[in-house]
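Trainee: Following is a predicted model, sequence given first.
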Amino acid sequence: MRSNLFVIKKSILHQYWMCSSEHGTGWNPHYPKQAFSRSELAKEIRRLIDNGIGKQRLEIIELHILEADHEE
């Protein structure tokens with residue numbers, strides 16, 4: 001099932017973008033600490049571009065919720 005939540009990842013370095021009062025702002029290695037809604041995602045991408053993300057390759061990954069198998 002689609003979640004409509006997204007993470008921003010640096011492709012090669014396996015780092016995930018976060019920007020919150022709880023987790024701070026910057027790149028976190030290994031796993032995401034924050035997901036963004038579509039509108040938040042657009043704002044964060046704009047912020048990264050404005051702050052000179054440059055030619056780094058980024059991935060936008062939509063999180064999915066796995067549905068449990070139901071046995072009857």
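Mentor: The structure has been received and is ready for your questions.

Trainee: contacting residues for residue 50?
Mentor: If you count contacts by C-beta atoms under 8 Å, 6 or more residues apart in numbering, residue 50 has none. No exception for glycine: its C-beta is placed from N, CA and C like everyone else's.

Trainee: What are the phi and psi values at it?
Mentor: phi -60, psi -30 (degrees, to the nearest 10).

Trainee: Next one: it from residue 44, what distance?
Mentor: Using C-beta to C-beta, to the nearest Å, one obtains 11 Å as the distance from residue 50 to residue 44.

Trainee: Do you have the strands of this structure handy? List them.
Mentor: Taking DSSP state E, the strands of the chain run over residues 2-10, 15-20, 24-29, 58-64.

Trainee: Return the most buried member of the ones you listed.
Mentor: For those, the largest average neighbour count (mean count of other C-beta atoms under 10 Å) is found in strand 15-20, namely a mean of 18.

Trainee: tally of neighbours for the nearest residue to residue 67 once chain neighbours are set aside?
Mentor: Closest residue to residue 67 apart from its sequence neighbours, by C-beta to C-beta, 6 or more residues apart in numbering: residue 1 at 5.8 Å. Neighbours of residue 1 under the rule other C-beta atoms under 10 Å: 6.
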